[in-house]
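>>> predicted model follows, preceded by the sequence.
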Amino acid sequence: MREFVELFGGHMMSAVPNPYPVYAQLRRREPVKAMEFPLGPTFLVTRYADVMAILRDAATFSSRANGKGIGLVMGRTIIEMDGQEHSRHRNIIAPMFLPKAMQGLEDVVQRFAHQLIDAIAPRGQADLVAEFARDLPVRVIAHLIGIPVEQYATFQQWSFDLIAFASEPLKGFAASEALVQFLRPLIAARRAEPRQDLLSTLAHAEVDGHRLEDEEIYSFVRLLLPAGAETTFRLIGTTLFALLTQPGLVERVRADRSQVAWALDEALRWDTPVQFVSREAATATSMAGVDIPEGHYLLVALGSANRDEERFKHPDRFDLDRHPTDHVSFGFGRHFCLGSHLARLEATVAINAVLDRLADLRPSDQPCGIVGLAFRSPDRLPVRFHPA
Ligand code: HEM
């Protein structure tokens, strides 16, 4: 692990300023790099073509690696399942995340976004990460799951603690247990009286003729909460950062809202919120001339693939006219992000709400930047605008 941390400048994982020059060097010199990690021997894979080859081939590159990482606090979830077990469990909730289901959700997302902007609009200045982007997705996922609105803040804290378990394991396990205590009576209530929410769907779901155990439902929620809350806020923050720090882009997108979708895709490519996914070699294989023994792990660098000059011209540039449809920020293949349509809906509503409500939007003179290694986004986004 120390070797990995030192490779990226010895910073704390959450504070790495710029991993991209390191990725670029690895792509050129050592695209499949062997490293020691606490889990065991691991290969860091940085080229777009190799990343795609891994994500395409779920038989050789198993997702069970996740069971030995994040699965320790989440329990057994679809993110660590392979084959039919994965399909059967994913299919329980997949319909709730299809584009059709998103149509019914747009009003709710709008309402949450505008409530958050109501609180900052009169002030003329705000931190758009802490006071806007961070709060929106957690409210939406909590609403979808069926959590009472007064519990959203607690829910958000559990979400942070779950995902931070690698650096603070006690907090992660405490959040995992707190969620169980919180969900137990809610699940019982939904079994007795179903509502239109994800908890009801899970409480009544069957796999192979068996109803899901409570423990399986806890695990599903432990995955969905951070998956929904910890990722999309980063996309919103990075997109706003890119628009605000390049001259003329806020005005261009404000005047032509069809550009919002392309700004999101280019932000996803340019500074990928989830930088890595993990896999385990189910059989011995090789890649870029390097032998990968069975049981060894792969750290698949989505953030590097998205900056691969073999795939994207001038990859370090945020280019609103690039229109990238082939970035790997939501993964690829059978584990492709289940929440991608939800993330796009939330981020589209968020960017449009900011552009509609905050006139003369500009960065304040306080410094800010995109940071992180496992997850990346601006740590803060101080802005000024016309008070309204
Ligand atoms: C910008 C926002 C998001 C990004 C960048 C992102 C990224 C990803 C990536 C890279 C994967 C693939 C994991 C792998 O291959 O091992 C994934 C899977 C997943 N995502 Fe997202 N995600 C985002 C938003 C969301 C949202 C809003 C949800 C809603 C609940 C969500 C739920 C999931 C789930 C459940 C999986 C597991 C799918 C499976 O294993 O079959 N994600 N996400």
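Structure received. Bear in mind that the values here come from a model prediction, so they are computed numbers and not experimental data.

>>> can we go C-alpha only for contacts and neighbour counts from here?
Will do.

>>> longest helix in the chain, by residue count?
Among all segments of the chain classified by DSSP state H, the helix with the greatest residue count is helix 214-245.

>>> tell me the helix or strand right after that one.
Toward the C-terminal end, the helix or strand that comes next after helix 214-245 (DSSP states H and E) is helix 249-255.

>>> list the buried residues of that following helix.
If you call a residue buried by 16 or more other CA atoms under 10 Å, then helix 249-255 has these buried ones: Leu249, Val250, Val253, Arg254.

>>> give me every residue that touches the third one.
For Val253, the contacting residues are Gln259, Val260, taking CA atoms under 8 Å, 6 or more residues apart in numbering as the criterion.

>>> can I get stretch 181-197 as CSV, trimmed to CA atoms?
Provided in CSV are the C-alpha atoms of stretch 181-197 (Å, rounded to 0.1, in the frame of the first residue of the first chain):
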residue,chain,number,x,y,z
GLN,A,181,-30.9,-1.0,13.8
PHE,A,182,-32.5,1.8,11.8
LEU,A,183,-33.8,-0.4,9.0
ARG,A,184,-35.1,-3.3,11.0
PRO,A,185,-38.5,-1.7,12.0
LEU,A,186,-38.8,0.0,8.6
ILE,A,187,-38.5,-3.3,6.8
ALA,A,188,-41.1,-4.9,9.1
ALA,A,189,-43.4,-2.0,8.4
ARG,A,190,-43.0,-2.4,4.6
ARG,A,191,-43.6,-6.1,4.8
ALA,A,192,-46.9,-5.4,6.6
GLU,A,193,-47.9,-2.4,4.4
PRO,A,194,-45.9,-1.9,1.2
ARG,A,195,-45.4,1.6,-0.3
GLN,A,196,-44.0,2.9,-3.6
ASP,A,197,-40.4,2.7,-2.5
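
>>> now check it, is it near the ligand?
No: among the residues of stretch 181-197, none lie within reach of the ligand under CA under 6 Å from any ligand atom; the closest is 12.9 Å away.

>>> just the mean pLDDT for that stretch, thanks.
Model confidence over stretch 181-197 averages 95 on the pLDDT scale.

>>> give me the residues contacting that stretch.
By CA under 8 Å, 6+ apart, the residues outside stretch 181-197 that reach it are His143, Leu144, Ile145, Gly146, Leu199, Ser200, Thr201, Ala203, His204, Asp214, Tyr218.

>>> show me how far it is from its chain's centre.
Relative to the centre of its chain, stretch 181-197 is centred 27 Å away, using CA atoms, centre = their mean, to the nearest Å.

>>> in the longest helix of the chain, what counts as buried?
Along helix 214-245, these residues count as buried under the neighbour rule (16+ other CA under 10 Å): 214, 216-244.

>>> same question for stretch 64-78.
Within stretch 64-78, the residues that qualify as buried are 64-67, 69-78, counting by 16+ other CA under 10 Å.

>>> mark which of the residues you listed are part of helices, please.
The helices, defined by DSSP H, take in Gly71, Leu72, Val73, Met74 from those.

>>> residue contacts, Pro387?
Residues touching Pro387, when contacts are defined by CA under 8 Å, 6+ apart, comprise Ala121, Pro122, Arg123, Gly124, Gln125, Leu358.

>>> next, the contact list for the nearest residue to the last one once chain neighbours are set aside, please.
It refers to Leu358. Distance criterion CA to CA, 6 or more residues apart in numbering; nearest residue to Leu358, sequence neighbours excluded, is Phe385 at 5.8 Å. When the contact criterion is CA under 8 Å, 6+ apart, the partners of Phe385 are Gly124, Gln125, Leu358, Ala359, Asp360, Leu361, Arg362.

>>> surely Pro382 touches Leu128?
Yes: Pro382 lies in contact with Leu128 (CA atoms under 8 Å); the separation is 6.3 Å.

>>> packing partners of the helix or strand where Glu85 lies?
Per DSSP H and E: Glu85 is located in helix 83-93. Other elements packing on helix 83-93 under the criterion 3 or more CA pairs under 8 Å, 6 or more residues apart in numbering; DSSP states H and E are helix 198-204.
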